[in-house]
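Chemist: Turn this into a model:
(chains A and B)
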Amino acid sequence: MLKLRFRNEKDTYDESIVEHDIEKLFFATTIEKNDLTVRLLKQIENAEYVSSSKYRDRFGIVLSISDLSTGTKAALCVQYHTDRIIDLVECGFNAIDAILENCKDGCVLDSEHTTACYSAEGDISVELDGKEFTSIDALNEYIMER
Amino acid sequence: MYINEKYSTKIYISCGNGIYLFSNESATGKTRLFKVLRKIQGYDKDIKTYTYDDLLIENKTLDAFLENIGEGISVIFIDRFDMHEVSQKNIEQLKRLGKDHIILIDCKQIELLAECDFNDAGITMTEQTITVEG
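Modeler: Purely as a prediction, here's the structure:
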């Protein structure tokens, strides 16, 4: 289950294992080809996995994996560093939605939501406040009412 | 307005002077734009760029960057703005610079810049062009 925590609720997570600098964490990560990696690259970047050091971008150009957006890097880090808390502060809404839709493990830190929440689609597996959510509507409703 | 068609990636920034925030969406081309402008900065001298790596590698603070923009600069691009501890001084620096420069900022936490009267900027790219519209 993907754990969701909010940055301002510091008593709900261990700050010592939060990764704030996604570029640094990604730089230390070897990206292998698996279903999740392929889906995340496609969904966020409209890109394809080529190798652990390269990907093919939306224009068909092969680029270094370091040229991926920070949002995509964060999504991949969620998969590869399930023992850390990945700070999504540099992620766009589309990357966050892709993480919620596709990542079923790990822990992420997001900004507190006061208005519109997530737009992810499909089944999710997210834990917040000890409760499990399998639909985005139920998660959004809970967040707005808590 | 800033147009640069000299290099393999053509840049079209259709903005007047002011502060512009890109939309809160990943993988739109912001980092690619930053990297291209970073290269152009070394050749054409009318661009200034700043990112978190400048703090890590050169210990150059956002304060120092904004205080030393210099003459003849058309476009300022600040990447990874969310990684910085933004001070009231930085806000004042940005507001001052925004009167005479196009300032593009990659920032997801728009509340950090609430006092800046910023504009929204959209970015689109093709294989050989990057266009910013404010």
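
Chemist: what residue ranges in the chain score low on pLDDT?
Modeler: Picked chain A for this. A:113-116 (pLDDT under 70).

Chemist: gap between the residue of it found nearest chain B and residue A:88?
Modeler: Distance from chain B to each residue of chain A (Cβ to the nearest Cβ) is smallest for residue A:71, at 2.5 Å. All C-beta spots, glycine's among them, are computed from the backbone N, C-alpha and C. Residue A:71 sits 8 Å away from residue A:88, going by Cβ to Cβ, to the nearest Å.

Chemist: Need the overlap of contacts for these two.
Modeler: Contact criterion Cβ atoms under 8 Å, 6 or more residues apart in numbering or on different chains; residues shared by residue A:71 and residue A:88: A:95-96.

Chemist: Which one's more surrounded, these two?
Modeler: Neighbour tally, residue A:71 and residue A:88, criterion other Cβ atoms under 10 Å in any protein chain shown: the higher count belongs to residue A:71, 30 against 23.

Chemist: Assign the residue of chain A closest to chain B to helix, strand or coil.
Modeler: helix (DSSP: H, G, I helix; E, B strand; the rest coil).

Chemist: Over to residue B:27?
Modeler: coil.

Chemist: Please verify my assumption that it contacts residue A:42.
Modeler: No - counting by Cβ atoms under 8 Å, residue B:27 stays clear of residue A:42, with 11.0 Å between them.

Chemist: Neighbour count for those two, which is higher?
Modeler: Neighbour count, other Cβ under 10 Å: between residue B:27 and residue A:42, residue B:27 has more, with 24 against 14.

Chemist: Which residue, neighbours along the chain excluded, lies closest to that one?
Modeler: residue A:69 (4.1 Å; Cβ to Cβ, 6 or more residues apart in numbering or on different chains).

Chemist: List the contacts of the one you found.
Modeler: Neighbours of residue A:69 in contact, by Cβ under 8 Å, 6+ apart: A:44-45, A:92, A:95, B:26-28, B:30-31.

Chemist: ok, which stretches of chain B are helices?
Modeler: B:30-44, B:52-58, B:62-67, B:88-97 (DSSP state H).

Chemist: repeat for chain A
Modeler: Under DSSP H, chain A gives helices at A:22-27, A:35-40, A:70-80, A:93-102, A:136-145.

Chemist: got the contact list for the first one?
Modeler: Residues from elsewhere that reach helix A:22-27 (Cβ under 8 Å, 6+ apart): A:19, A:66, A:68, A:70, A:73-74, A:76-77, A:81, A:84, A:86-87, A:90, B:52-53, B:80.

Chemist: Which positions in it come out as buried?
Modeler: The neighbour-count check on helix A:22-27 (16 or more other Cβ atoms under 10 Å in any protein chain shown) flags A:22-23, A:25-26 as buried.

Chemist: Which pair in the residues you listed has the greatest spatial separation?
Modeler: Greatest spatial distance in the buried residues of helix A:22-27: A:23 and A:25, 7.5 Å, computed using Cβ to Cβ.

Chemist: ok, residue A:101 touching residue A:125?
Modeler: No - applying Cβ under 8 Å as the test, residue A:101 and residue A:125 come out as separate, 10.0 Å apart.

Chemist: who's more crowded, these two?
Modeler: Neighbour count, other Cβ under 10 Å: between residue A:101 and residue A:125, residue A:101 has more, with 20 against 13.

Chemist: Would you mind listing what in chain B touches chain A?
Modeler: B:23-28, B:30-32, B:35, B:52-53, B:80, B:82-83, B:108-109, B:126-127 (Cβ under 8 Å from any Cβ of the partner chain).

Chemist: The closest residue to residue A:105 other than its chain neighbours: what's it in contact with?
Modeler: Residue nearest to residue A:105 in three dimensions, not counting chain neighbours: residue A:82, with 5.0 Å by Cβ to Cβ, 6+ apart. Contact analysis of residue A:82 by Cβ under 8 Å, 6+ apart lists A:105-107.
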